[in-house]
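K.L.:
coordinates only, sequence not included:
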């Protein structure tokens, strides 16, 4: 975000729309249609939780942008600084008349539309009917390209978000005592981030103890931490919408030997992946560096996910650091490096930091120590 | 949910699927396709945050249900108690081969599919391509009918969630002091709900002071409460997935006369709407009772939303208490009654309680006092 002045903000959004128009033209598309999401925020500065009332932003190649807004949100859209066209639909009438009118006005009947990847299906079906026979493709193909290269201002916000997460980790470590529940530890992490000034969470904190650690996205539950448990903490928060995301693995008191060994392998894999990052390298090479090491150490089948994901306004966005991915890394790309090893019924280990591609290599945004953390001792 | 035993849970899901099949047959549809959402939870007990990895539940009329699951979620789906068919897609391969295989296996090519209203557009576009030329309609048309009538066990969970919100209101009132920011009050509400044992929030708490109150869905910001401000608190939490949702309007110290008058009108409108609720009445009649009163008192144009929404596993679901809605109310339906008056640039007032339709009328699930609350005094 370019400064905080109204004029500066507006210039930022105009510059983004200019680049979006270039990407649309290049892809042979007529417009992006965004729903309440990080994409809409990126293009307008307006943010809201999506609900069942259709709210859409139209960003055509050849006409000015326009928003379709439920009456309930009209004031809120104005307060966000939006000065463009707004087609407001009254609650008693439903969105269809205003939507059809707007599509006609923008010349988008039968157009090639790039729709927000996160758009709700009920919005999309309504849009498809109104713009029939439009062709729809996911907007990430064009918007992802724009959002993938972060400006220095964006990197600074990501750095601040990472620092808040690093700081909250200490509260998480303190909360990991034998007898605590996963849910209690998650609450301690959340509180620490919010009290430190985070504008929200990137996602609800993940706290997985013992065998739960082998289910990478399992939400925290009532399981109580016990001595010898590995505990995976994976969490992050937002600063002006920009996300952090960090994972550390702890052990309550004394780790079993295999846990120590597995953690060491994951640390080495992360280091190898990090040392592969440089402009011109392919995302798949970074993944391969981590994966090869884990395979060589005999845990290949236990590394069940990609090595990383881009991060910015969304917790997960391009570039994806996945097997065979041939995205060429460029300065300003920001992503996680988070190898993991999951042993069902026993434990999981994951180690995640956010890195930014620099002119010559990579820089970590997280500063927290990376070794297996002993806690509750 | 029928008891907490594994067998009881399984019977609950089987009974729901049986009713879903009846609804599908009646609507001439071949299957429901759900993504991670309240619908999927309602039908299987599995819950996860949707991410960019396609995860879909297929509930066909004529074959057993099956899930399409990213490898990363396989253990988590098993841990949720799912015993049915699972088509797992490996991260390196992407979802398409497994998805196409599953659609063929289930005979859903070219079928009439009811898709989860909240399904992400990127999932839906992938599904449309794989099942082409399938016809898609929103699943709320069939699933809404099932979910709209709550069982006594579901009402009990909604009652417990309402009680937690009532209790958190007191913490919210204490936090509303001149000089506090909206964000601080929101954090106090959230903490109170989570520490009281809520399983999560229904939605991020809304705290709107002074003129912000005229933007009903504006998120809390850094505005500091000042004497004379009206403050709208709108929040809720979950118990076993079931939501609460309550709104109260406070005034920091002395209210201006119009605020008192407007609040009285909103209270009367809510009471009139409540007294209209009974089996056999139409949803639109309940809306009309509140709306007519507010219009008669001269604030018709300032009541910019419907009178209420159903609530259950989703924060907003059928029935909608909206102008002209001809849904016939039945015992076991649960919804909000929340008239409001919004004066742009000045203040907003809203009063919301959850009610359940009984055999003879309605019962409030919220017990908190309904008068304008003085705080920070």
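P.N.:
On my side now, so go ahead. Model, not experiment: these values are computed from the prediction.
K.L.:
could you list the domains of chain A?
P.N.:
A:6-147, A:152-375 (automatic domain parsing).
K.L.:
so which of these gets nearest residue B:22?
P.N.:
Closest to residue B:22 of these, according to CB to CB: domain A:6-147, at 22.9 Å. No exception for glycine: its C-beta is placed from N, CA and C like everyone else's.
K.L.:
just confirm residue A:234 is within a strand.
P.N.:
Yes: if the criterion is DSSP: H, G, I helix; E, B strand; the rest coil, then residue A:234 is within a strand.
K.L.:
report how many residues lie close to it.
P.N.:
Residues near residue A:234, counting by other CB atoms under 10 Å in any protein chain shown, number 23.
K.L.:
so it is in contact with residue A:350, correct?
P.N.:
Yes: taking contacts as CB atoms under 8 Å, residue A:234 lies within contact range of residue A:350: 6.7 Å.
K.L.:
list residues touching both of the two?
P.N.:
Common contact partners of residue A:234 and residue A:350 (CB atoms under 8 Å, 6 or more residues apart in numbering or on different chains): residue A:247.
K.L.:
quick one: residue A:111 and residue A:133 touch, right?
P.N.:
No: using CB under 8 Å, residue A:111 makes no contact with residue A:133, being 9.6 Å away.
K.L.:
so which of the two has more stuff around it?
P.N.:
residue A:111 (19 against 8).
K.L.:
mind listing what the spatially most central residue of chain A touches?
P.N.:
Nearest to the centroid of the C-alpha atoms of chain A, with distances taken as CA atoms, centre = their mean, sits residue A:315, at 1.3 Å. By CB under 8 Å, 6+ apart, the contact list for residue A:315 reads A:202, A:203, A:236, A:243, A:245, A:309.
K.L.:
look up phi and psi at the closest residue to it other than its chain neighbours.
P.N.:
Excluding the flanking residues, the one nearest residue A:315 by CB to CB, 6 or more residues apart in numbering or on different chains is residue A:202, at 4.5 Å. Dihedral pair for residue A:202: phi -70, psi -40, per degrees, to the nearest 10.
K.L.:
mind listing what residue A:202 touches?
P.N.:
A:161, A:235, A:236, A:237, A:238, A:243, A:244, A:245, A:311, A:315.
K.L.:
hang on, the third one packs against residue A:244?
P.N.:
Yes: counting by CB under 8 Å, residue A:244 is a contact partner of residue A:236 at 4.0 Å.
K.L.:
got the residues of the stretch 101-250 of chain A near chain B?
P.N.:
With the criterion set to CB under 8 Å from any CB of the partner chain, the stretch 101-250 of chain A comes near chain B through A:115-125, A:136-138, A:140, A:187, A:191, A:194-195, A:200, A:203-204, A:214-219.
K.L.:
count of residues packed around residue A:271?
P.N.:
Around residue A:271 there are 17 residues (other CB under 10 Å).
K.L.:
can you give me the buried ones in the helix or strand where it lies?
P.N.:
Using DSSP states H and E, residue A:271 falls within helix A:257-276. By neighbour count on 16 or more other CB atoms under 10 Å in any protein chain shown, the buried set for helix A:257-276 is A:259, A:262-263, A:265-267, A:269-274, A:276.
K.L.:
and stretch A:346-366, by the same measure?
P.N.:
A:347-357, A:362, A:365-366.
K.L.:
where does pLDDT dip in the stretch 251-377 of chain A?
P.N.:
For the stretch 251-377 of chain A, the stretches with pLDDT under 70 are A:377.
K.L.:
so which bits of it are right by chain B?
P.N.:
Contacts of the stretch 251-377 of chain A with chain B, taken as CB under 8 Å from any CB, map to A:304, A:305, A:306, A:316, A:322, A:323, A:324, A:342, A:344.
K.L.:
ok, residue A:243 touching residue A:235?
P.N.:
No: with contact defined as CB under 8 Å, residue A:243 does not count as touching residue A:235 (10.7 Å).
K.L.:
do a quick rundown of the helices in chain A.
P.N.:
A:6-27, A:38-44, A:74-79, A:96-106, A:121-130, A:140-147, A:152-175, A:182-195, A:257-276, A:283-296 (DSSP state H).
K.L.:
and the second one, what other elements does it pack with?
P.N.:
Put plainly, it is helix A:38-44. helix A:6-27, strand A:31-34, strand A:56-60, helix A:140-147 (3 or more CB pairs under 8 Å, 6 or more residues apart in numbering or on different chains; DSSP states H and E).
K.L.:
so for the second one, mean pLDDT?
P.N.:
Within the predicted structure, the mean pLDDT of strand A:31-34 is 98.
K.L.:
and that strand, what does it pack against?
P.N.:
Secondary-structure packing of strand A:31-34 (3+ CB pairs under 8 Å, 6+ apart): helix A:6-27, helix A:38-44, strand A:56-60, strand A:112-115.
K.L.:
quick one: residues in contact with stretch A:368-377.
P.N.:
Residues outside stretch A:368-377 that contact it (CB under 8 Å, 6+ apart): A:166, A:169, A:173-174, A:176-178, A:180, A:225, A:227, A:231, A:246, A:248-253, A:255, A:259-260, A:263, A:267, A:270, A:349, A:351, A:353.
K.L.:
how about the helices and strands packed on strand A:31-34 in TSV, adding mean neighbour count and mean pLDDT?
P.N.:
Output for those, formatted as TSV (neighbours: other CB atoms under 10 Å in any protein chain shown; pLDDT from 0 to 100):
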stretch	mean neighbour count	mean pLDDT
helix A:6-27	15	93
helix A:38-44	23	95
strand A:56-60	25	98
strand A:112-115	23	98
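K.L.:
now these as JSON lines including distance to residue B:64?
P.N.:
Shown next, in JSON lines, are the helices and strands packed on strand A:31-34 (distance: least, CB to CB, whole Å):
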{"stretch": "helix A:6-27", "distance to residue B:64": "41"}
{"stretch": "helix A:38-44", "distance to residue B:64": "37"}
{"stretch": "strand A:56-60", "distance to residue B:64": "37"}
{"stretch": "strand A:112-115", "distance to residue B:64": "32"}
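K.L.:
got a pLDDT number for the closest residue to residue A:158 other than its chain neighbours?
P.N.:
Once flanking residues are discounted, residue A:158 sits nearest to residue A:242: 5.0 Å by CB to CB, 6+ apart. On the pLDDT scale, residue A:242 is placed at 97.
K.L.:
what residues are up against residue A:144?
P.N.:
Residues near residue A:144 by CB under 8 Å, 6+ apart: A:317, A:318.
K.L.:
would you mind measuring from it to residue A:47?
P.N.:
Per CB to CB, to the nearest Å, residue A:144 is found 19 Å from residue A:47.
K.L.:
likewise for residue A:136?
P.N.:
Using CB to CB, we find residue A:136 at a distance of 24 Å from residue A:47.
K.L.:
kindly report the same for residue A:143.
P.N.:
16 Å.
K.L.:
look at these two and report which has more neighbours.
P.N.:
residue A:143 (28 against 17).
K.L.:
list the residues that contact the more buried one.
P.N.:
Per CB under 8 Å, 6+ apart, neighbours of residue A:143: A:20, A:23, A:32, A:39, A:42, A:114.
K.L.:
is it true that the fifth one touches residue A:150?
P.N.:
No: with contacts counted by CB under 8 Å, residue A:42 stays clear of residue A:150, the gap being 11.4 Å.
K.L.:
overlap of the contact sets of the two?
P.N.:
Contacts common to residue A:42 and residue A:150, judged by CB under 8 Å, 6+ apart, are absent.
K.L.:
quick check: closest non-adjacent residue to residue A:357.
P.N.:
In this structure, residue A:357 finds its nearest non-sequential neighbour in residue A:333, 4.6 Å apart by CB to CB, 6+ apart.
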